[in-house]
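K.L.:
Here's my sequence, what's the structure:
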Amino acid sequence: MAQIDKPNLHFNPRLYTATGSAQSITGVGFQPDLVWIKDRDSTGWHFWTDAVRGVTKTIFSNTTNAESTETGGLTAFGADGYSIGTHSNINTNGNDIVSMNWKAANSAGSSNSDGSITSTVSANTTAGFSIISYTGTGSAATMGHGLSAVPKFIIIKRLNSTSSWPCYHTSLGNAKGILLNSD
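P.N.:
Numbering: from 1, shown residues only. Sure, this is the predicted structure:
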């Protein structure tokens, strides 16, 4: 992949101080499609929310928990950031918070039948980043990702039950893997 001009238009971290009250976090520079939030002052869980699954659907990268609905977490994606509710893991009054924000296609995704399983994809081909949702079959399968090149890094999370977060990276090859939620 070629160097990206203005990478902060595709990925931009944001620091904020929690207030304990619902608030809008702005200054991201774009509407994020994937937001990963972590309270830097506590051992609270890592919140992952994306536009494909919906604003209240959250997964936690430090656990094997299934997806949950968190109405007090992210409440909206905005043109320059996002809004949050009062959930203590991302908005404990006075705590320092970091969010990592990625831009995909600024949509809930579209159907992609490029693989053996139809997937829902929101892709940013400039940045080489996409969010994919699919229903597995229990057998080996492929799914479209909406990118113009083979992905170099892949994170997978089963949503409907407890499971680890398997990851692939091109430097490891396809015979090795790592788990995002484990050391």
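K.L.:
who touches the residue lying closest to residue 155 once chain neighbours are set aside in this structure?
P.N.:
Nearest non-adjacent residue to residue 155, counting by CB to CB, 6 or more residues apart in numbering: residue 167, 5.2 Å away. From N, CA and C alone the C-beta is placed, and that goes for glycine too. Shown in contact with residue 167 (CB atoms under 8 Å, 6 or more residues apart in numbering): 153-156, 177-180.
K.L.:
give me the low-pLDDT residue ranges for this structure?
P.N.:
Under the criterion pLDDT under 70, the flagged ranges of the chain are 1.
K.L.:
now do 50
P.N.:
Along the chain, no part satisfies pLDDT under 50.
K.L.:
Centre-most residue in it?
P.N.:
residue 34 (3.8 Å; CA atoms, centre = their mean).
K.L.:
That one contacts residue 101, correct?
P.N.:
Yes: between residue 34 and residue 101 there is a contact under CB atoms under 8 Å: 7.3 Å.
K.L.:
coming back round to it: contacting residues around the residue nearest to the centre of the chain?
P.N.:
Here residue 34 is in contact with 48-51, 101-102, 104, 131 (CB under 8 Å, 6+ apart).
K.L.:
closest to residue 113 among these?
P.N.:
residue 131 (16.9 Å; CB to CB).
K.L.:
and the helix or strand that contains the closest one, which strands flank it?
P.N.:
Assigned by DSSP states H and E, residue 131 belongs to strand 129-134. Strand pairing for strand 129-134, using DSSP bridges, gives strand 119-124 (antiparallel).
K.L.:
Touching the partner strand from outside, list them.
P.N.:
Taking CB under 8 Å, 6+ apart as the rule, strand 119-124 contacts 10, 33, 50-52, 102-112, 129-134, 143-147.
K.L.:
redo that, cut-off 6 Å
P.N.:
By CB atoms under 6 Å, 6 or more residues apart in numbering, the residues outside strand 119-124 that reach it are 10, 33, 52, 103-105, 107, 109, 112, 130-134, 143-144, 146-147.
K.L.:
thinking again about what came up before, how much space between the residue nearest to the centre of the chain and residue 51?
P.N.:
8 Å (CB to CB, to the nearest Å).
K.L.:
Could you do residue 180 as well?
P.N.:
20 Å.
K.L.:
Next: residue 3.
P.N.:
26 Å.
K.L.:
Comparing the two, which shows the higher neighbour count?
P.N.:
Using other CB atoms under 10 Å as the criterion, residue 3 and residue 51 rank with residue 51 on top: 21 against 5.
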